[in-house]
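Next input, structure requested:
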Amino acid sequence: MLEDVLSAIPLGFLMAFLIGPVFFALLETSAIKGFRAAVALDIGVILADIIFLLAAYFMTSSILEKLKDDPGLYIFGGSILAIYGIVSFVKTRKSYLKEVDPKVLIVKKNNYFSLFIKGFFLNFINIGVLGFWLGLIVVFSPQLENDSNRIITFFGAVLVTYFIVDLCKIVLAKSLNRYLTPHRIFLLKRLIAIIMMISGAVLIFKGAFPSVTNQVEEQLHIIPELPEPIAPELEGVEETPIVNDSI
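Model prediction:
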């Protein structure tokens, strides 16, 4: 259980820095409207993520159970991640201002429910988010043995990590806005897209060449043989040398 949580933390951290409309809307809302307004917006975003995650899980659970040990799952999941990365790479623009929905930012009063709804729809209307969660479900569910408890624990930890990092971004919004120049944003978006493409390519290779992948994994997990443990009753007893009486 703890291992699943620890494995989920890096993924949640990476997701929190996916550059898109939600990322900038969150920073701008925090800088203009304050901490509580940004949290309300973020909760709406995460609710949309939860709905997409549940939809992706129920769409694929029966298929994953039938194809539990099929290498084709890695090819399918890797293809989704790779395509998502390629599309993100191609659509990257140097100006991030065009990506921010001004309707999310222009709120006369701190109507938290309104911000919550806007955050929800800002994320929900992006069908690519569903594809992203679908790819993650296909990739990670077999590694979690399709155990519903482990899947809930893993993706719950992903969302909690994601939310905690978002809270840090909200607190540091003004400082982050100062350092997030259009050029740096452009480079960061390209870097994340490349990471997704590489991850997808690795999964595709794993599915296409399972025997080669297994050999590599076995070589990476070689553990040197440990000496046999000494029985407790023999600890501290020196070995008596054998004397040859024939001499």
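
give me the element L14 is part of.
Applying DSSP states H and E as the criterion places L14 in helix 2-16.

following that helix, which helix or strand comes up?
helix 21-33.

Give the buried residues for that following helix.
21-31, 33 (16 or more other CB atoms under 10 Å). Where you see a C-beta, it was placed from the backbone N, CA and C, and this is true even at glycine.

and the direction of it versus that of helix 2-16, what angle?
70 degrees (axes from the mean of the first three to the mean of the last three CA atoms, to 10 degrees).

now for helix 21-33, which elements pack on it?
helix 35-66, helix 102-105, helix 112-124, helix 148-171, helix 173-179 (3 or more CB pairs under 8 Å, 6 or more residues apart in numbering; DSSP states H and E).

Relative to G131, tell me which of those wins on proximity.
helix 35-66 (8.7 Å; CB to CB).

what's that closest one packed up against?
For helix 35-66, the packing partners by 3+ CB pairs under 8 Å, 6+ apart are helix 21-33, helix 112-124, helix 127-143, helix 148-171.

Now render the ones you listed as TSV, adding distance to F186 and mean pLDDT.
Shown next, in TSV, are the helices and strands packed on helix 35-66 (distance: least, CB to CB, whole Å; pLDDT from 0 to 100):
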stretch	distance to F186	mean pLDDT
helix 21-33	13	81
helix 112-124	21	89
helix 127-143	19	82
helix 148-171	19	92
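
Nearest to L191, out of those?
helix 21-33 (14.0 Å).

Run the chain-centre distance for that closest one.
21 Å (CA atoms, centre = their mean, to the nearest Å).

By mean pLDDT, point me to the weakest helix or strand of this structure.
Lowest by mean pLDDT, DSSP states H and E among the helices and strands of the chain is helix 102-105, with a mean of 45.

ok so, going back, tell me which of the helices and strands packed on helix 35-66 is the most buried.
helix 21-33 (a mean of 21; mean count of other CB atoms under 10 Å).

show me where pLDDT drops low in the protein?
Across the chain, residues meeting the criterion (pLDDT under 70) sit at 19, 63-71, 73, 92-110, 174, 176-177, 180, 185, 213-214, 216-247.

rerun that using 50 as the cut-off
94-97, 99-108, 222-227 (pLDDT under 50).

Nearest residue to the middle of it?
Nearest to the geometric centre of the chain sits L11, at 2.4 Å (CA atoms, centre = their mean).

residues in contact with that residue?
By CB atoms under 8 Å, 6 or more residues apart in numbering, the contact set of L11 is 136, 158, 161.
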